[in-house]
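I need the structure of the sequence given here:
(chains A, B, C and D)
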Number of protein chains: 2
Amino acid sequence: MNKTKRKRLERRGWKVGDASEFLGLSPAETQYLELKMELGRGLRDRRQARDLTQADLAQRLGSSQSRIAKMEAGDPSVSIDLQIRSLLSLGATRRELARVIAASARLKAA
Amino acid sequence: MNKTKRKRLERRGWKVGDASEFLGLSPAETQYLELKMELGRGLRDRRQARDLTQADLAQRLGSSQSRIAKMEAGDPSVSIDLQIRSLLSLGATRRELARVIAASARLKAA
DNA sequence: TGACAGTATGTCGGAACTGACATATATTGA
DNA sequence: TCAATATATGTCAGTTCCGACATACTGTCA
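Now for the predicted structure:
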């Protein structure tokens, strides 16, 4: 996974879904980025459903507001690992996790 | 996620499913470990289905044999992030990924 | 408009992860 | 049994990631 390419990709104005056509993004890379975005969305949804601010959530998870923002945005500086650990800490089960991941695939197909 | 606890947990002879009852493992931690194990299994299945050795796969993924072994074992030194990137590189889709993750939940429930 | 709450972006020191290598332990076939 | 092949375990230097902090942007309410 090329970091430079990816940062370029995620710079303001580019949605991941679009970019793979332009840049020489492998299917695996594309899937990875989309997955990360979807996990970010899942995280935001769960947080908002609980009426928490990013700062609130940060405190709960023992993290910081800025990192929550980056997680939700699918920033290159956050790993899927962290996103998943956060979702699990929020009480998501593996089954729910699977739904989040599959959901992105479904959307893409549509 | 406490590293020491986890290493102890995963030392030879302990299956993750068992351990949460003994050690003070939070649900999130338990789910995380089980998820990692399941991804390891998924990786191994896919590799064997293609009749590849760990060394073969390592070369394909630009990694090393030892890391493949650790990925498959769910070793504490490998992140879920790496496991997922590897599965995607092997051609798995997000949908398939979701199935792997959900599968572990189903087994656990049974 | 200005103050305020919430979110986004950039950077940094320290912690965790990674590939590589050495080495140990299975597993297989003759 | 002994090689040969495959897998597991331990370690390390270089890279990436993390929480934290500072700061900038974006509403929104008066």
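
next, the buried residues of the helix or strand that contains A:Glu38.
Using DSSP states H and E, A:Glu38 sits within helix A:27-49. Buried residues in helix A:27-49, counted by 16 or more other CB atoms under 10 Å in any protein chain shown: A:28-44, A:46-47. Glycine gets a C-beta too; all of them are placed from N, C-alpha and C.

check whether that helix comes near DNA strand D.
No - using CB under 7 Å from any atom of the strand, helix A:27-49 stays clear of DNA strand D, coming no nearer than 10.2 Å.

helices or strands next to that helix in the packing?
Secondary-structure packing of helix A:27-49 (3 or more CB pairs under 8 Å, 6 or more residues apart in numbering or on different chains; DSSP states H and E): helix A:3-10, helix A:16-19, helix A:65-73, helix A:80-89, helix A:94-109, helix B:80-89, helix B:94-109.

could you give the angle of that helix to helix B:80-89?
130 degrees (axes from the mean of the first three to the mean of the last three CA atoms, to 10 degrees).

average model confidence for helix A:27-49?
The average pLDDT for helix A:27-49 rounds to 95.

please apply the same query to stretch A:78-95.
On average, the pLDDT along stretch A:78-95 is 96.

what of stretch A:54-68?
On average, stretch A:54-68 scores 97.

and the contacts of it?
Residues outside stretch A:54-68 that contact it (CB atoms under 8 Å, 6 or more residues apart in numbering or on different chains): A:Leu43, A:Arg47, A:Leu52, A:Thr53, A:Ala69, A:Glu72, A:Val78, A:Leu82, A:Ser86, A:Ser89, A:Leu90.

same thing with stretch A:85-93?
Stretch A:85-93 is contacted from outside by A:39, A:42-43, A:46-47, A:57, A:60-61, A:63, A:71, A:96-97, A:100, B:1, B:27-28, B:31-32, B:35, B:105, using CB under 8 Å, 6+ apart.

and that stretch, what's buried?
Across stretch A:85-93, burial judged by 16+ other CB under 10 Å covers A:Arg85, A:Ser86, A:Leu87, A:Leu88, A:Ser89, A:Leu90, A:Ala92, A:Thr93.

ok, so of the residues you listed, who is nearest DNA strand C?
Of all the buried residues of stretch A:85-93, A:Arg85 has the smallest distance to DNA strand C: 9.3 Å, by CB to the nearest atom of the strand.
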